[in-house]
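Q: Need coordinates for the following:
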Amino acid sequence: MPVNTQAIGKTYDPVLYAVGREKIREYARAVGETNPVHLDLDAARAAGHADLVAPPMFAVVYSAPSVGPPIFDPEIGLNFAMMVHGGQQFEWGPLVIAGDEITTTTSVKDISERDGRGYYVFESISNNQRGERVCRGTWTNIVRGV
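A: Here you go, the predicted structure:
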């Protein structure tokens with residue numbers, strides 16, 4: 001079945017994520033992060049931050065919930081059972097700190113077909129409560145056998 005390119009440009013409802021201190025610690029420990037600004041409140045404050053600093057790839061935690069709806073949108077028709085992760089790219093802005101509220105909006109950047117595979121590219125834009133763009137993500141998913 002050919003890919004449906006009519007959804008290119010579609011934007012989904014924003015998703016709000018409240019960044020918690022313990023979530024930052026849990027994530028940092030899970031990925032083996034040892035920088036104390038991610039784990040120790042006193043160290044983070046001594047370094048000039050108001051609270052714990054989220055590691056850069058914590059972006060997946062606050063932005064991925066916004067990427068789910070397009071993946072499962074029937075209008076796009078992405079066959080999740082045949083999907084493989086094609087890649088991610090992030091551009092970071094200001095640091096994300098415990099206590100921040102991050103709003104992420106995802107849109108469909110591109111849908112194409114090559115060599116019997118569908119390529120679905122989504123873009124997430126994450127802003128903090130001050131309106132600063134903390135991250136732009138590009139998420140590429142490949143579907144085999146389209």
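Q: Count the neighbours of the closest residue to E123 other than its chain neighbours for me.
A: In space, E123 comes closest to K109 once its chain neighbours are excluded; the distance is 4.6 Å by C-beta to C-beta, 6 or more residues apart in numbering. Any C-beta I mention is one placed from the backbone N, CA and C, and that applies to glycine too. The local packing of K109 (other C-beta atoms under 10 Å) involves 14 other residues.
Q: Torsion angles phi and psi at the most centrally placed residue in the chain?
A: Centroid-nearest residue in the chain, with C-alpha atoms, centre = their mean: S63, separated by 3.1 Å. With angles defined as degrees, to the nearest 10, S63 sits at phi -100, psi -30.
Q: I71 too?
A: Torsion angles, degrees, to the nearest 10, at I71: phi -60, psi -40.
Q: Next, work out how far apart it and V108 are.
A: 10 Å (C-beta to C-beta, to the nearest Å).
Q: one step back: check contacts around the residue nearest to E123.
A: Contacts for K109 (C-beta atoms under 8 Å, 6 or more residues apart in numbering) come out as I8, V121, F122, E123, T138.
Q: ok, now with 10 Å
A: I8, G9, Y120, V121, F122, E123, T138, W139, T140 (C-beta atoms under 10 Å, 6 or more residues apart in numbering).
Q: how close does the third one sit to A18?
A: Separation of Y120 from A18 (C-beta to C-beta): 29 Å.
Q: higher neighbour count, the two?
A: The neighbour comparison of Y120 against A18 (other C-beta under 10 Å) goes to Y120, with 24 against 12.
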